[in-house]
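Asker: Model the structure of this input:
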Amino acid sequence: MAGARSSRQRSRGSVAQHHSCSAACTLPNAKMSPLPLLLRLKHASLDLLLACVMTLTPFILGADAPCDSAKAGGPQREALIQIRARSERHPGTCAYVYTVLLAATEAQSQPDADISARANEFVRKGYIHGVPYEDARSLGPAAVPHLVSLLSDPEERANWGSICSTLGYIGDPTAFQTLKDFVWKRFKGEINSRSFGDIEIAQESIGFIAATSTPAMDYLAKGVNPAFWDSLPWRWGRFAGRALSVRMSEVTIVSLPYSNRVEAQKLLLRLRDHPHDPHQTRAVGSALGSYEGIRAQGVSGYIRSIKRRLGE
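Answerer: Predicted structure coming up:
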């Protein structure tokens, strides 16, 4: 028995070294209150939390395989049922995990009462140097539904650019379709320079969402080709025909590094060697530089370094 316990302890030790999801997923003590962990996970993706829990639970319990619902990709509620059943047989750590996951599920289904007011105040500040990345991120996914509603409100017209940036910075995949529709469906015919600026912001913001959204990444991959933009339902006087399509492809190119995905780098390297249009060369070079900076510093660190360089 002692040998078995020692073997299990070594197994758990290797899990701590090789299967750590993040600082927020540190294995808890069974007697701890879930409150500190919940505070750190308040704005975390429930899918991420679920993945951490379902990955770690079998190791916590000494099992050899993942829980069935994790292997099958079952819904969140099924995962709760699985963990609840295990907690009856393994009081302590697994019951704690169940408590944390259940509380996080309920917390995310009931957003902060003041989230709408916070989002309103944030996007209406009229930022001179752009929306602050970390402050936007701090709003969390709970703010996305309200921000989406603001983006469809004509009364918020002056704030559409800030709303698009904030949705991108939050990075919730559910905002992808909203930003895509803003680019393709919001405007028709001749538009003014302000509308064009908002469209550019929306398109660039999709780059941040592509970090966790394959559909967003696929959309950007298509958008680097100027021909993809030939069917736009709007136009702006300064750019006409091919010039507009090339411009939108360039906007797409500079958004790619913010996905921080290897696929983005590969695509940029292909464009460097074989651009769709000679005018893309400068955008590709800039994007590759941004990608290297983001890989080294992370998105947040890279944006801070840019602001320091500009004296902001």
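Asker: What's the mean pLDDT across stretch 262-269?
Answerer: Stretch 262-269 shows a mean pLDDT of 97 in the predicted model.
Asker: Give the buried residues for that stretch.
Answerer: When neighbours are counted by 16 or more other CB atoms under 10 Å, the buried residues of stretch 262-269 are found to be Ala264, Gln265, Leu267, Leu268. Where C-beta positions appear, they are placed from N, C-alpha and C, glycine not excepted.
Asker: between those, which is closest to Pro275?
Answerer: Ranking the buried residues of stretch 262-269 by separation from Pro275, with CB to CB as the measure, puts Leu268 on top at 10.4 Å.
Asker: Run through the residues that contact the closest one.
Answerer: The contact partners of Leu268, taken as CB atoms under 8 Å, 6 or more residues apart in numbering, are Ile253, Leu256, Pro257, Val284, Ala287, Leu288, Tyr291.
Asker: Please name the spatially closest residue to the first one (chain neighbours excluded).
Answerer: With CB to CB, 6 or more residues apart in numbering as the measure, Ala283 is the residue that lies nearest to Ile253, at 4.4 Å, once sequence neighbours are left out.
Asker: Quick check: phi and psi at the one you found.
Answerer: Ala283 has phi and psi values of phi -60, psi -40 when expressed as degrees, to the nearest 10.
Asker: Relative to Leu310, how far out is it?
Answerer: 19 Å (CB to CB, to the nearest Å).
Asker: do Arg194 as well
Answerer: For Arg194, the distance to Leu310 under the criterion CB to CB works out to 23 Å.
Asker: Pick out whichever of those two has more residues nearby.
Answerer: Neighbours per residue (other CB atoms under 10 Å) separate Arg194 from Leu310, with Arg194 holding more: 12 against 8.
Asker: Which phi and psi values does the more buried one adopt?
Answerer: phi -70, psi -40.
Asker: Look up how far Gln280 lies from it.
Answerer: Separation of Arg194 from Gln280 (CB to CB) stands at 25 Å.
Asker: cool, Met217 as well?
Answerer: With distances defined as CB to CB, the gap from Met217 to Gln280 amounts to 19 Å.
Asker: Noted, bye for now.
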